[in-house]
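> Return a 3D structure for these sequence lines:
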Amino acid sequence: MKVPKFPKITLPSHTPFHALQRFVVLTEKLPGCISWNRETWQPTPKPRGETTPWYVLSFVVMATTIVYICIILHQIVVHEKDPDLSLTAGIVFLIVTFLHALVCSFIVTFNFKKTDICFVLWNLENVGKSWNYIQNEANQKYNMIGLVLHGLILAFMAFPLFACMVPLFLDNVDPTYFLIRNVNFLPFRVKLLCRMLILFTTVFQLNITGVGFFIILANVLLRVTISLTRITPFTPSRYRNVQFFKFFLQYRQLQVINRVWNDTATSFALFLPLVVGVPLGYTLIKLRSLMPFPLTFIFAALFFIGVSIVHCTVPVMVEITMRSRDFKRAWKLCRLSPSGAKQVESCAALRVHLGMFCVVGVKSRGIFFSMMMYYTLSLIIAL
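Predicted coordinates for the structure are as follows:
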């Protein structure tokens, strides 16, 4: 008797580039400020007339963020605290406000720097043809980053639906309760519908902006890393001046791209994820029994996604600096002319900046996690 052979189950590819492709396909008809060519996968800024829905949603998010910040500042200054603002509601209020502030910085980046983002992606395509890294078996280590990015896409589809259902189960916990609780001329069901609409709109825009930013960030970092690998000689004795000047030009282009990207992504600093991660960790550890299950699930997913992003992307940022140093070190071992040797000496190492004053180093990831653990434990002990 022959044993039937079961067909092999092959999982779909989950590289960072495929995550970018799938996110573009999902959001093609949704509001955005960047359009993508489905054949070449190159981005272009949308005309101003086509970005009106995106601007409207961004304005709603920024307006609600300002209102949330004003409510928090009012509760800090006022002598008599709001009796409805319990410890659970206050922690949720802070976490939501910090998340809004983080994504508002991404909205500002997309609004004023969308041309620079397209410039970086265009030129990375022209420098190293690094779209082909999905077919390179040597780059399978980057599939973990792709898996995280696909998790972000799942969160993008699920979070708005979960968020808008929170008022149905928890009446006075989410921040929208404090926005319209004093609107007495509306019946309860209309208030509930307005709260659900506000939550769905804001979370939808937060997701499409935050997920899009992180997917583009990961793909830019990986393409810079792979481009540096391709122009670095592994057998220096075989390379001469002709190959050097070709690769030297590409390195100069990568320097320009690195500078433009550092100026573009200044809004993303490790300080902002740290501010969000500390109250999330406090909530999951100390308020687990007091927090309703739907909010606990959402906060746990947010905490896991944030930790995964930092854990996977920071080493790639460090690898860019190490690869650029390897480029300079390897070409110094080649037989170059005096002018070529001087040009090698003039090549500065590429560095990734997070924020205005932070340069990513080898210890950045450890410092981030140690600070998050320290402040989370301090908050648990203090409150």
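
> Every contact and neighbour count from this point should use C-alpha atoms.
Will do.

> Name the helix or strand of this protein that has the lowest mean pLDDT.
helix 338-345 (a mean of 78; mean pLDDT, DSSP states H and E).

> Buried residues in it, which are they?
The neighbour-count check on helix 338-345 (16 or more other Cα atoms under 10 Å) flags 340, 341, 344 as buried.

> Determine the number of other residues adjacent to the closest residue to the second one other than its chain neighbours.
Counting by Cα to Cα, 6 or more residues apart in numbering, residue 341 lies nearest to residue 332, which is 6.9 Å off, once chain neighbours are set aside. Burial measure for residue 332: 16 neighbouring residues, criterion other Cα atoms under 10 Å.

> All the helices of the stretch 151-300 of the chain, residue numbers only.
Assigned by DSSP state H, counting those that start in this stretch, the stretch 151-300 of the chain shows helices spanning 166-169, 176-180, 188-230, 241-264, 271-286, 293-332.

> can I get the CA coordinates of the fourth one in PDB?
What follows is helix 241-264 as a C-alpha-only set of coordinates in PDB (Å, rounded to 0.1, in the frame of the first residue of the first chain):
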ATOM      1  CA  ASN A 241      41.800  51.800  -9.800                       C
ATOM      2  CA  VAL A 242      39.000  51.300 -12.400                       C
ATOM      3  CA  GLN A 243      36.800  49.400 -10.100                       C
ATOM      4  CA  PHE A 244      37.600  51.800  -7.200                       C
ATOM      5  CA  PHE A 245      36.400  55.000  -9.000                       C
ATOM      6  CA  LYS A 246      33.200  53.200 -10.000                       C
ATOM      7  CA  PHE A 247      32.500  52.100  -6.400                       C
ATOM      8  CA  PHE A 248      33.800  55.400  -5.000                       C
ATOM      9  CA  LEU A 249      31.200  57.300  -6.900                       C
ATOM     10  CA  GLN A 250      28.500  55.000  -5.500                       C
ATOM     11  CA  TYR A 251      29.800  55.600  -2.000                       C
ATOM     12  CA  ARG A 252      29.600  59.300  -2.400                       C
ATOM     13  CA  GLN A 253      26.000  58.900  -3.600                       C
ATOM     14  CA  LEU A 254      25.300  56.800  -0.500                       C
ATOM     15  CA  GLN A 255      26.800  59.600   1.700                       C
ATOM     16  CA  VAL A 256      24.400  62.100   0.100                       C
ATOM     17  CA  ILE A 257      21.400  59.700   0.600                       C
ATOM     18  CA  ASN A 258      22.500  59.200   4.200                       C
ATOM     19  CA  ARG A 259      22.600  62.900   4.900                       C
ATOM     20  CA  VAL A 260      19.200  63.500   3.300                       C
ATOM     21  CA  TRP A 261      17.600  60.600   5.200                       C
ATOM     22  CA  ASN A 262      19.100  61.800   8.500                       C
ATOM     23  CA  ASP A 263      17.600  65.300   7.900                       C
ATOM     24  CA  THR A 264      14.300  63.600   6.900                       C
END
